[in-house]
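Participant: Below are the sequence and a predicted model; questions follow.
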Amino acid sequence: MAILETESRTSYDRVPYLSYLFRQTHPDRLATIATLFGLRPAPPDCCHVLELGCASGGNLIPMAEQLPQSKFLGIDSSIRQVRDGQSLIDELRLTNIELRCEDILGIEIDRGRFDYIISCGVFSWVPENVQERVDQETTEGWPGELKCSMTHPLIRRSS
Ligand SMILES: C[S@@+](CC[C@H](N)C(=O)[O-])C[C@H]1O[C@@H](n2cnc3c(N)ncnc32)[C@H](O)[C@@H]1O
């Protein structure tokens, strides 16, 4: 479900987040941890990565530049941030990454498509229904042993 520019804007459209990389979410690191736990993850240099709440792509864009054979998709509900990130991607002429303006609540994730799903700095700042969706997409029901996810920081509100 793409969000049209005319639809409601988020606080991040008014005040964009400073979007940086988080090395904890790099597929190389996730693959290393997964391997230590006995899994057989997709090779970082040829994998598909999805980031939920990617802001303007400060985390994904450096990965896409570093891993040209891998593919990256970032989604965020702030159209301003997505546009800022997409113009940097165009400027850098990266063809293996796309940022889309979508709501986590509305996306349909094709589980066969992504090897790594990351969501960094989102869980603690969104309402419970969005938290549940992030949880559902990053932890539940992944087929086989090939998928890795990283939700950071994972801080739950006490009930
Ligand atoms: C605190 S920022 C963190 C941004 C980035 N992941 C980072 O760590 O630098 C939270 C991000 O989540 C996005 N976000 C919040 N709720 C969302 C939703 N329901 N669907 C998609 N993105 C959402 C915001 O637009 C914002 O870019």
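Facilitator: Received, thanks.
Participant: Buried residues of the lengthiest helix in the chain, list them for me.
Facilitator: Longest helix of the chain, by residue count under DSSP state H: helix 79-92. Of all the residues in helix 79-92, those buried under the rule 16 or more other Cβ atoms under 10 Å are I79, R80, Q81, V82, D84, G85, Q86, L88, I89. Just so you know, the C-beta spots here come from the backbone N, C-alpha and C atoms, and that holds for glycine as well.
Participant: which strands and helices sit next to it?
Facilitator: helix 11-14, helix 60-66, strand 71-76, strand 97-101 (3 or more Cβ pairs under 8 Å, 6 or more residues apart in numbering; DSSP states H and E).
Participant: what's the closest of these to F114?
Facilitator: Of all these, strand 71-76 sits nearest to F114, with 7.8 Å by Cβ to Cβ.
Participant: do that closest one and the ligand meet at all?
Facilitator: Yes. Residues of strand 71-76 contacting the ligand under Cβ under 6 Å from any ligand atom: I75, D76.
Participant: Which residues does that strand contact?
Facilitator: For strand 71-76, contacts defined as Cβ atoms under 8 Å, 6 or more residues apart in numbering pick out 12, 47-57, 59-60, 63-64, 82, 85, 96-102, 104, 107, 114.
Participant: List only those of those flagged as buried.
Facilitator: Buried subset of the contacts of strand 71-76 (neighbour count, 16+ other Cβ under 10 Å): 12, 47-57, 59-60, 63-64, 82, 85, 96-99, 101-102, 104, 107, 114.
Participant: how about the nearest residue to the residue sitting nearest the centre point of the chain, chain neighbours excluded?
Facilitator: Taking Cα atoms, centre = their mean as the criterion, E51 is the residue nearest the geometric centre of the chain, at 0.6 Å. Using Cβ to Cβ, 6 or more residues apart in numbering and skipping residues adjacent in sequence, the residue nearest E51 is G74, 4.4 Å away.
Participant: Bridged to that neighbour, which residues?
Facilitator: Counting by DSSP bridges, G74 is bridged to E51, L99.
Participant: show me what contacts the residue nearest to the centre of the chain?
Facilitator: T25, N59, L60, F72, L73, G74, I75, I117, I118, S119, C120.
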